[in-house]
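K.L.:
A structural model of the following input is requested.
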Amino acid sequence: MNSIIEIVVKEEDIDSLGHVNHIVYFQYLQDGRTDWFKKTGLSFESLHKKSIESVVLKIEVLYRKEAKLGEYLIVETNPLRLGNTSFSFEQRILNQKNEVITEATVTEVMFDLRTRKSTPIVQEIIRGFQND
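P.N.:
Predicted coordinates for the structure are as follows:
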């Protein structure tokens with residue numbers, strides 16, 4: 001299963017150089033993954049009821065082009081790898097000219113909130129990877 005969301009660059013996203021601050025891209029990427037989770041039928045509230053969470057283990061980001069105020073961006077989120085307790089997404093951010101401006105690989109791990117250790121991936125996430 002893939003996710004595509006649209007974002008408009010807001011004034012608070014801009015740094016002193018006049019383009020999107022590098023840290024704001026992490027929020028854009030998070031928004032894309034949150035949409036992906038919603039499409040699986042999984043909410044953060046439902047995970048918390050099971051005392052588990054998905055936490056970021058590693059993020060690799062390559063910034064290719066800058067984005068500026070008022071631009072429309074597309075965030076694509078695609079399943080990449082599914083393990084026993086961890087899984088990875090490939091994400092891209094494209095500008096309104098359909099140019100890739102940012103590429104990222106994000107690895108997350110299922111985390112038991114009681115034991116504070118990794119735990120097997122829930123079925124909703126597994127199905128989301130299988131529906132790709």
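K.L.:
Name the single longest helix found in this structure.
P.N.:
In the chain, taking DSSP state H as the definition, the longest helix is helix 22-39.
K.L.:
quick one: average pLDDT of it?
P.N.:
Average pLDDT, helix 22-39: 96.
K.L.:
ok, then the element right after that helix?
P.N.:
Next in sequence after helix 22-39, counting helices and strands by DSSP states H and E, comes helix 44-49.
K.L.:
just checking, what packs against that following helix?
P.N.:
strand 52-63 (3 or more CB pairs under 8 Å, 6 or more residues apart in numbering; DSSP states H and E). C-beta here means a position set from N, CA and C on the backbone, and glycine is covered the same way.
K.L.:
picking up where we left off before, tell me the buried residues in the longest helix of the chain?
P.N.:
Buried positions in helix 22-39, judged by neighbour count with 16 or more other CB atoms under 10 Å: 24-25, 28-29, 32-33, 36-37.
K.L.:
Same question for stretch 3-11.
P.N.:
Neighbour-count burial for stretch 3-11 flags 3, 5, 7, 9 (criterion: 16+ other CB under 10 Å).
K.L.:
Show me how far that stretch is from its chain's centre.
P.N.:
Mean-position distance between stretch 3-11 and its chain equals 13 Å (CA atoms, centre = their mean, to the nearest Å).
K.L.:
Can you tell me which residue is spatially central in the chain?
P.N.:
Nearest to the geometric centre of the chain sits Arg33, at 3.1 Å (CA atoms, centre = their mean).
K.L.:
where does the chain dip in pLDDT?
P.N.:
Within the chain, the segments meeting pLDDT under 70 span 132.
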